[in-house]
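Enquirer: okay, here's the prediction I keep looking at, along with the sequence it came from:
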Amino acid sequence: MTQDAFRMISATSHFLPAVLWGVIAWDFGRFIVRRRPRGALPRVLFALACVTTLHYATWTSAALLREHLQGRSLLRGVIMSLTDGSVILVIALARHVGAIWSVRTAPPTRTWLTVNYGLCALVLVVTVLSELLVLEVPGWQGYVLYSTYLLALGVAIVFDFRRGAERGAWRPGVLWQPRTADVAAIGIAFVLLAIQLSIPAFLGTTSLGLLLSRDPSGSALAMYLLNGLTAFVFATPIVVRNLGDLLPRFLGAVLTTAAVAGTYVGARALAGRTAAAGLQAAIAALAVVVVVFVVMPLGTWSRGLVERLLFRRGRLRWAELHEVVHALPPEAGVVECCRRSLAEVVRIMRLRGAAILLHDGEVVRAGTIDVEGIRTRWPRDGAGLPAYALAPIHFRDLPPALSAVIIAADILAVVQIVSPRRRWGALFVTTDLRGASFSDEDDAAVGAAVDQLALTLDAADLLARAVSVERSLAHAEKLAAIGELAARFAHDIRNPVTAARSLAQQLARDPTAPENAEHAGIILEELERVERQVRGLLRFARREELRLEPVDVGALARATVKDLGGRLLGARVAVDLDTADGTVARADREKVRHVLVNLLENALDALGNGDGDGRVSVAVARDDGMAVVRVADDGPGIPAEAQARIFEPFVSLKPNGTGLGLAIAKRTVDAHGGTIAVASRPGATTFEVRLPLAAEARA
């Protein structure tokens, strides 16, 4: 194998892990800055990722600088100090992670931390001083000390993880609890490390000796490849918990770096074929343009492609989610707005399930999710809970009982629904393992949607309160009206009841009196009057229940006039009809007939004091999407002061009228979505009823 091939393979095998761990460090760093978690785990993991990135970046540099590290020099001492010192610190940090990862184990004591990092510092100082030639340590002794520390601490790390791990593989909801799958991955990583360390020992040399050999061997290449593979396996427990964010960033960074390197190599090769200095400068400038305008956008594009293909993500779904939440109608109410938004969140984000636990304890669900255990333990007022979204890594900071039920329900995220006015509740989300981690864009999209939902719930609550106040006022007005109606009704039936009682008493004292027949007739007439009052009041109080159907209003008007033909003929009243067919309203036939009967009977009563040549006209027409019925008479008219109150209950111009007929007619017309009005002057009174046309009649 040539030295150039060995250099590129060995450098690449360490550069890729350096990129991966750099992405992990970047992810944890942003998480700490944005969320400020309470526990030490995220910070220790961030430190672990940074030091691991430094370790593999230094190994990459060592592979590229092989020729410059021959012999003892300051550069060689610095690079080897960084490689060996960083891996010693990685081991100490990894053991700290193993001690604090599980919530089932007690946090490490100060003595434990002192021993762990004190031993690390001791080995680190000896190793670095020996690499810098400050401390004279034979090569094989330093290598034995270094290897023994790594392997011994590796066994301790596996034991620490195994002590707090739960059985099983990775699954949503328990991602930030150690599992036996984590123990297996870490164990494999240290087995690979042991094999890697044994290769130089078997050959009677050191890792540095294999690296710097002038004739690269397969053993040296194997050691390098094992070192890179160890980094990937060691990262598995972290990557699998944040796959959706780390993998697109990693692949984007790798593709961008490869494109930059390819552009650089191509530009150098092209410039080397020309001796013109100006042309070489132009090629260099073109390479810069390609990097800025082609390569850099390529990284963003590749990341988006991975998110769409592997994780079913896309900016279109975020825009759709915002549009759906913005379109929620506040008049639908708090629960219905939650139900609609949840259904859309599950559909658009492709979740397994989601639920909203409202502050009053009500649960709204969509998809498959079980939050019954959470419902009994979750603090409805949010006391002691952070206002930001909770990821699985935050669950360890919650009270143990609450953390346990959240983990048992496979919850992957908890987002507080908080508006400027109040805390509405919390959104709980679960999904499959592939979608178990959310990108920053996902977090932002869901956060914005939840904020908008909270504002919509505010609007729904305010609207419901306004409706409640309106109903209370309407109820108060109704009670006042009922009181007035009761007073009028009592007044109207007092006279006939008093008269009937007086006559009945006389009849009881002298049953044989000749005037008893006349008294009995009066009693029956007065009781009939009371019955009419009661019947009208009951009808007025009865709730309107309409049976809507297409009704030809013209035909109904003709049929009603025909039914009253005997009375019209007896009163010698002429009727003019103008009722062409085809005026079809969507109405309750029987109730509209009652309205027409009432209007015709009122017209007849108004003409009752005339000379017998009165005239009533009934006309049916269409006007602006409405069926219009006009009933007019040429009677004496309605006094102006009475017209404003003619449709009120118990307002009547008849001596023995109940005053409920027109009130019932108005309520019936209002229930149809129509109107009724009167226009009157001496010699001309017209009642106009307007009812909405049926849909087919409007066409």
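Expert: Perfect, thanks for sending it. Numbering: from 1, shown residues only.

Enquirer: using the three-state scheme, assign His322.
Expert: helix (DSSP: H, G, I helix; E, B strand; the rest coil).

Enquirer: so it makes contact with Gln452?
Expert: Yes. His322 lies in contact with Gln452 (Cβ atoms under 8 Å); the separation is 7.1 Å. Yep, even glycine has a C-beta here, placed from its N, CA and C like the rest.

Enquirer: please compare those two by neighbour count and tell me which comes out ahead.
Expert: Using other Cβ atoms under 10 Å, the more surrounded residue of His322 and Gln452 is Gln452, with 18 against 15.

Enquirer: backbone phi and psi for that one, please?
Expert: For Gln452, the backbone dihedrals (degrees, to the nearest 10) come out as phi -70, psi -40.

Enquirer: OK, contacts around the residue lying closest to it once chain neighbours are set aside?
Expert: With sequence-adjacent residues excluded and distances taken as Cβ to Cβ, 6 or more residues apart in numbering, Gln452 is closest to Val325, at 4.6 Å. Each residue near Val325 by Cβ atoms under 8 Å, 6 or more residues apart in numbering is listed here: 341, 344, 449, 452-453, 456.

Enquirer: distance check, Val325 against Phe293.
Expert: Here the criterion is Cβ to Cβ, to the nearest Å. By it, Val325 lies 36 Å from Phe293.

Enquirer: likewise Val44?
Expert: For Val44, the distance to Phe293 under the criterion Cβ to Cβ works out to 40 Å.

Enquirer: these two: which is more packed in?
Expert: Counted by other Cβ under 10 Å, Val44 and Phe293 do not tie: Val44 has more neighbours, with 18 against 10.

Enquirer: that older thread, what about the contacts of Val325, which are in helices?
Expert: Using DSSP state H, 341, 344, 449, 452-453, 456 are the members of the contacts of Val325 that sit in helices.

Enquirer: check which helix or strand Val678 maps to.
Expert: For Val678, the enclosing helix or strand under DSSP states H and E is strand 675-681.

Enquirer: now Val575: phi and psi?
Expert: Note on Val575: its backbone torsions stand at phi -120, psi 130 [degrees, to the nearest 10].

Enquirer: grab the nearest non-local neighbour of it.
Expert: Looking at Val575 with Cβ to Cβ, 6+ apart, the closest residue is Val616, at 5.2 Å.

Enquirer: model confidence over the one helix or strand that neighbour maps to, on average?
Expert: Secondary structure here is read from DSSP H and E; on that basis Val616 sits in strand 615-623. Strand 615-623 shows a mean pLDDT of 90 in the predicted model.

Enquirer: partners of that strand, with directions?
Expert: If you go by DSSP bridges, strand 615-623 pairs up with strand 574-579 (parallel), strand 626-633 (antiparallel).

Enquirer: for those strands, which has the smallest mean pLDDT value?
Expert: When those are compared by mean pLDDT, strand 574-579 comes last with a mean of 88.

Enquirer: list the buried residues for it?
Expert: Along strand 574-579, these residues count as buried under the neighbour rule (16 or more other Cβ atoms under 10 Å): 575, 579.

Enquirer: contacts for it next, please.
Expert: Residues lying outside strand 574-579 but in contact with it, judged by Cβ under 8 Å, 6+ apart, are 553-555, 557-558, 561, 568, 613-621.

Enquirer: buried subset of the residues you listed, written for ChimeraX?
Expert: For selection in ChimeraX, the members of the contacts of strand 574-579 meeting the burial criterion (16+ other Cβ under 10 Å) are listed in this command:
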select :553,554,555,557,558,561,568,614,616,617,618,619,620
